[in-house]
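Visitor: got a predicted structure plus its sequence, pasted below:
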Amino acid sequence: MTRIALLTYSSKPRGGVVHTLHLAEALTRAGAEVTVWSLGRGGDSAFFRRVDPAVRISMVPFEARDDESVGDRILRSIQVLGEAFSPADYDVVHAQDCISANAVGACIRTIHHLDTFTTPALAACHEKAVTDPYARICVSAAVAEEVRRGWGLEPTVIANGVDSAPFDAAAASGESTWRDTLGQYVLAVGGIEPRKGSIDLLESFALLNRRDLALVFAGGETLFDYREYRREFDSRATELGIEPIVLGTVDNDDLPHLVAQASVLPFFSTKEGFGLAAMEALAAGTPVVARDLPVLREVFGDAVTYASEPAEMAEELAHAIDVGHDADGGRALARSLTWDDAARRHLEFYRSYY
C-alpha cells in the first residue's frame, strides 16, 4: 500500500485546504494510506469540516501571535511544520503550498497559483517552493504555462475535482433559509482581499442600482494582512452607499445552501489557479460571472459569462439575475470533474517517481 503524506498550511477553509482534504479522501478510496499534515491555526485540533476517518490526520499545534508580522508568521509556520514532520514514514511527500514545500524538503508540489511578494524573505520562500521540489503539478494549463515561462520547468496538469453532490442536493431541496434571512442576494465567496477583486465587485454592484439585492461576502480566512485593503473597501462602500453583508466563515454544511440560493456568484479574482468556488456554484445551478482571465476561460469555457471592468461586470450580473443561464451545462461541467478521477491521475503520477 502506497503511503502518502499530503501537507497543507492551515486547518481553515481556503481553496488549497479544500483541495487537500478531498484529494486525501479520494486517494484513500483508491486504496492508498494517506496522512494529511497541517498546522492547527488558532488552536485548532481538527479541520474546518469532518474528514473521512480512513484518512489519518496529523495536526501540528500553531499558536496565534497578535504582534507577529506576516513574514515572521510564515517563516515560523515553515519551521514548526518542518520540525514536526517525518518524511521517512512515507513513499510520497506531496506539499500543497509554499509553506509546506519549504518545510519538508524533497517533495512533490502542487502549484495552485503563483503569487508576487515584495518582502525578500517571502519572495525567497516562494522561489524555493517552485524550484526545489523534484516534481510539480498544476491544476490548470494556464498556471503550468506561467511556471514554464518563469522557470523553464514542465509541470504536469491535473485538474481539481468538484464535490458536486452537496451543492446539487442543496439546489434540489428548495430550502430558503438564506433567502428568508438575506432576501435576494449576490454572493462572493472567498473574503475581501485584493486577489479576489473585491473593490471591482463593489463598483459593479453599485452600477446595478438594485435596491432589492444584497451584496454578501462569505469566507475570508487568510494568513495575510489585508487590513489596509479592507479600509479602502469600507471607505468605497460608504461612498457608494452600499452596506455589504459580511458573513465570514460559513459552516461547511451550510455553504451549499448559501451558494444555491444566490441570484448570481461574481468571480472577479485577478489571479486564480482553477476556481473551485465558481465550479461549486455551477454544481448548484447558480449563474457565475467571471473576470475574463485565460485560466478561467480554460476551466469554464462557455459555462459562465465573462467581464473585464466594472461596467461590463454590472451588465453581465444584471443579465444573469434577470435572464438566467444554462444551468444544465454548468452542472454537467461540474459533475464531469470528480475527485476520484483526480486521485487516479495522482496515483499514476506518483508511480512514475517511485
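Guide: Thanks, I have it.
Visitor: okay, CA-based contacts and neighbour counts for the rest of this
Guide: Noted.
Visitor: what's across from residue 110 in the sheet?
Guide: Note on residue 110: beta-bridge partners residue 137, judged by DSSP bridges.
Visitor: any idea how far the residue nearest in space to the middle of the chain is from residue 274?
Guide: What sits nearest the mean C-alpha location of the chain, by CA atoms, centre = their mean, is residue 15, with 2.0 Å. According to CA to CA, to the nearest Å, residue 15 stands 10 Å off from residue 274.
Visitor: go through the host helix or strand of residue 332 and flag the buried ones.
Guide: Assigned by DSSP states H and E, residue 332 belongs to helix 327-336. For helix 327-336, burial by neighbour count (16 or more other CA atoms under 10 Å) applies to 327, 329-331, 333-335.
Visitor: which one of those residues is nearest to residue 9?
Guide: Nearest to residue 9 out of the buried residues of helix 327-336 is residue 334 (CA to CA; 26.4 Å).
Visitor: residues in contact with that closest one?
Guide: Contact analysis of residue 334 by CA atoms under 8 Å, 6 or more residues apart in numbering lists 162, 164, 279-280, 282-283.
Visitor: what does residue 255 give?
Guide: With CA under 8 Å, 6+ apart, residue 255 has no contacts at all.
Visitor: taking the contacts of residue 334 together, which two end up most distant?
Guide: The most distant members of those, if one measures by CA to CA, are 162 and 282, lying 10.2 Å apart.
Visitor: pick out whichever of those two has more residues nearby.
Guide: Per other CA atoms under 10 Å, whichever of residue 162 and residue 282 has more neighbours is residue 282, with 31 against 23.
Visitor: ok, the more buried one to residue 276 distance?
Guide: Taking CA to CA, one finds residue 282 at 10 Å from residue 276.
Visitor: and the contacts of the least confident helix or strand in the chain by mean pLDDT?
Guide: Least confident helix or strand of the chain, by mean pLDDT, DSSP states H and E, is helix 120-131 with a mean of 88. Outside of helix 120-131, the residues within contact range by CA under 8 Å, 6+ apart are 71, 74, 97-99, 101-102, 109, 111, 115-117, 151.
Visitor: name the helix or strand for residue 314, please.
Guide: Under the assignment here (DSSP H and E), residue 314 is part of helix 310-322.
Visitor: show me what counts as buried in that helix.
Guide: 310-311, 313-321.
Visitor: do the same with stretch 101-118
Guide: Those would be 101-114, for stretch 101-118 by 16+ other CA under 10 Å.
Visitor: and what of stretch 238-250?
Guide: 242, 248-250.
Visitor: now those residues in CSV, with distance to residue 185?
Guide: Below are those laid out as CSV (distance: CA to CA, whole Å):
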residue, distance to residue 185
242, 13
248, 16
249, 17
250, 16
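Visitor: which of those residues lies closest to residue 59?
Guide: For the buried residues of stretch 238-250, the nearest to residue 59 is residue 249 (20.2 Å; CA to CA).
Visitor: what about the nearest residue to the closest one once chain neighbours are set aside, distance to residue 246?
Guide: Excluding the flanking residues, the one nearest residue 249 by CA to CA, 6 or more residues apart in numbering is residue 219, at 4.3 Å. Between residue 219 and residue 246 the computed distance is 9 Å (CA to CA).
Visitor: over to residue 269?
Guide: 18 Å.
Visitor: coming back round to it: need the buried residues of stretch 101-118 in TSV (columns: secondary structure and distance to residue 79).
Guide: Conversion of these to TSV gives the following (DSSP: H, G, I helix; E, B strand; the rest coil; distance: CA to CA, whole Å):
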residue	secondary structure	distance to residue 79
101	helix	11
102	helix	9
103	helix	6
104	helix	10
105	coil	12
106	coil	15
107	coil	16
108	strand	19
109	strand	18
110	strand	20
111	strand	20
112	coil	22
113	coil	23
114	coil	22
